[in-house]
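Novice: Okay, structure incoming, though there's no sequence with it:
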């Protein structure tokens, strides 16, 4: 029975740690070079003629 409690506690700790890591990733800013690339792609898409789509 102690093994089950230990296993549950370990799983809860792993779950909490994973949530922290993923939340930190979500909170990170998007790198400027990536934003620049997205802007270039949007501009290129605007310049395409309707027949190219």
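Specialist: Yep, that arrived. Computed from a predicted model, the values in this text were never measured in an experiment. Numbering: from 1, shown residues only.

Novice: Would you quantify the distance from residue 12 to residue 33?
Specialist: Using C-beta to C-beta, to the nearest Å, we find residue 12 at a distance of 38 Å from residue 33. Glycine gets a C-beta too; all of them are placed from N, C-alpha and C.

Novice: let me redo that: residue 23
Specialist: Residue 23 is 24 Å from residue 33, by C-beta to C-beta.

Novice: got the residue ranges for the helices in the chain?
Specialist: Taking DSSP state H as the criterion, the chain contains helices spanning 2-27, 32-47.

Novice: what sits up against the shortest one?
Specialist: Applying C-beta atoms under 8 Å, 6 or more residues apart in numbering, the set of residues contacting helix 32-47 from outside is empty.

Novice: can you redo the helices of the chain as CSV with mean neighbour count and mean pLDDT?
Specialist: Rendered in CSV, the data for the helices of the chain read as follows (neighbours: other C-beta atoms under 10 Å; pLDDT from 0 to 100):
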stretch, mean neighbour count, mean pLDDT
helix 2-27, 9, 95
helix 32-47, 10, 94
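
Novice: tell me, what residue is most central in this structure?
Specialist: For the chain, the residue whose C-alpha lies nearest the mean C-alpha position (C-alpha atoms, centre = their mean) is residue 26; its distance is 5.4 Å.

Novice: who touches residue 6 in this structure?
Specialist: For residue 6, the set of contacting residues under the criterion of C-beta under 8 Å, 6+ apart is empty.

Novice: mind checking how far it is from residue 20?
Specialist: Looking at residue 6 against residue 20, where the rule is C-beta to C-beta, the gap reads 21 Å.

Novice: now do residue 33
Specialist: Counting by C-beta to C-beta, the separation of residue 33 from residue 20 is 27 Å.

Novice: Please apply the same query to residue 38.
Specialist: Relative to residue 20, residue 38 is positioned 28 Å away (C-beta to C-beta).

Novice: before we move on, what about residue 42?
Specialist: Counting by C-beta to C-beta, the gap between residue 42 and residue 20 amounts to 34 Å.
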